[in-house]
Structures are given as structure tokens and as C-alpha cells.
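Undergrad: Need the 3D shape of this:
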Amino acid sequence: MLQCIYVMVVIIILNILIMSRKALLNFIKFGCNFDVALISITDYNQSHPHIKTVEHGGITQICQLKFDDVDDGEGNCITDLDAKTIADFVRSLTTEHLIVNCEAGISRSSGIAAAIMKAVNGDDMEVFNNYKYFPNMACYRKVLNQFMEIDEESLARKEEINLRVLKCYYDLD
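TA: As a prediction, the model looks like this:
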């Protein structure tokens, strides 16, 4: 008896929002009319905001992690296990809307969001070309590494572009 196995490849284009803790709490307060998943990062010694799925702002899936905004090897940095948890969470999403938040919404969340954008949507320049963000490169590298091999030359070029954008915006030449 011949069995046929069909493999379905699903490509999800994610709409990713990067938020601070304060913006997330406002989002939850006012809610939304669509389903959204949440990756919430807090400092290692801080508690997570109290969030329940569905009841708060249309949030249907939550991944909460604790690590500090530091470089690789310093203090309570993102671990490979944290990055794997994030990648596995993204792979399990049932919605195309994702919020990534950390305390300030500038570094850890943008690094994680950029890695997810690169892995899932194929382009992370929306983050690297934006003066509002300064991606934590340890977060970016570790999360992206869970999705694919990192091209170090491309990574160095993106860091350079991000620094030029920041210098230009803040007139730091």
C-alpha cells in the first residue's frame, strides 16, 4: 500500500510592533479588535506585568522571559535557551500580529524583533534604519542563530548602518 505524505509549508508575514512596558500596559488597557501574540522581556530582577491571554487587549499567546539589557557574557544576558524559547514561540504562532516589548522598547525588544523580522520576513532593516531603536546585538545574534546561521559580514554592515543613522539623527559627527 502506497502512502502519500503531503507537507504544507506555511509562510507567515508577521506584523511586528516594538513597545516599551508603559506602551504595552496602555495597549492592554485600550485593547484591540484583532488577535496578537506577545513576547515580553523584563529585567532579570523585575516582575512581569500581570497579563492574561484573551482578556487583555486581544493577546492570545504570551512568551515571558527575564534577562538584562547587557552584552553577551555580561551579567544576566539573554541565554541560548531564552533565544530558543523565543524562536519556538514564533514558530508556534497562530496570529500574524506580534508585539515584542521590554522595559524601554529600545534595545532588547528591537534586537529580538529585528532577528524575527530577518528570519520570518526576510528583512530587518526597518529596525536598523530607525533612529528610535538601538538593537541589543546579543539578543539579535542569539535569536537569529536559533532560526539560521548568522552572516557576520552582513551583521557588521547592519551595525554600521544603525550607528550612521543614529549619528545623523542626533548630529553626532
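Undergrad: can I get the CA coordinates of the lengthiest helix in the chain in PDB?
TA: Taking DSSP state H as the criterion, the chain has its longest helix at helix 152-169. What follows is helix 152-169, C-alpha atoms only, in PDB (Å, rounded to 0.1, in the frame of the first residue of the first chain):
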ATOM      1  CA  GLU A 152      28.900  38.000  10.300                       C
ATOM      2  CA  GLU A 153      29.800  40.300   7.400                       C
ATOM      3  CA  SER A 154      26.100  41.300   6.900                       C
ATOM      4  CA  LEU A 155      25.700  41.700  10.700                       C
ATOM      5  CA  ALA A 156      28.700  44.100  10.900                       C
ATOM      6  CA  ARG A 157      27.300  46.100   8.000                       C
ATOM      7  CA  LYS A 158      23.900  46.500   9.700                       C
ATOM      8  CA  GLU A 159      25.600  47.600  12.900                       C
ATOM      9  CA  GLU A 160      27.500  50.200  10.900                       C
ATOM     10  CA  ILE A 161      24.300  51.400   9.200                       C
ATOM     11  CA  ASN A 162      22.500  51.700  12.500                       C
ATOM     12  CA  LEU A 163      25.300  53.700  14.000                       C
ATOM     13  CA  ARG A 164      25.300  56.100  11.000                       C
ATOM     14  CA  VAL A 165      21.600  56.600  11.300                       C
ATOM     15  CA  LEU A 166      21.900  57.400  15.000                       C
ATOM     16  CA  LYS A 167      24.800  59.800  14.400                       C
ATOM     17  CA  CYS A 168      23.000  61.500  11.600                       C
ATOM     18  CA  TYR A 169      19.700  61.800  13.600                       C
END
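Undergrad: Tell me where the model's unsure across this structure.
TA: 1-13, 48-57, 149-154, 173 (pLDDT under 70).
Undergrad: all helices of it, in order?
TA: Counting by DSSP H, the helices of the chain are 21-30, 80-91, 108-116, 125-128, 137-147, 152-169.
Undergrad: Now do the contacts for Lys84.
TA: By CB atoms under 8 Å, 6 or more residues apart in numbering, the contact set of Lys84 is Gln146. C-beta: built from backbone N, CA, C; applies to glycine.
Undergrad: Roughly how far does it sit from Asn145?
TA: 9 Å (CB to CB, to the nearest Å).
Undergrad: ok so, going back, now the helices of the chain in a markdown table, with distance to Thr60?
TA: Shown next, in a markdown table, are the helices of the chain (distance: least, CB to CB, whole Å):
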| stretch | distance to Thr60 |
| --- | --- |
| helix 21-30 | 13 |
| helix 80-91 | 12 |
| helix 108-116 | 17 |
| helix 125-128 | 24 |
| helix 137-147 | 21 |
| helix 152-169 | 31 |
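Undergrad: which of these is buried the deepest?
TA: Neighbour counts (mean count of other CB atoms under 10 Å) averaged over each of these peak at helix 108-116, with a mean of 29.
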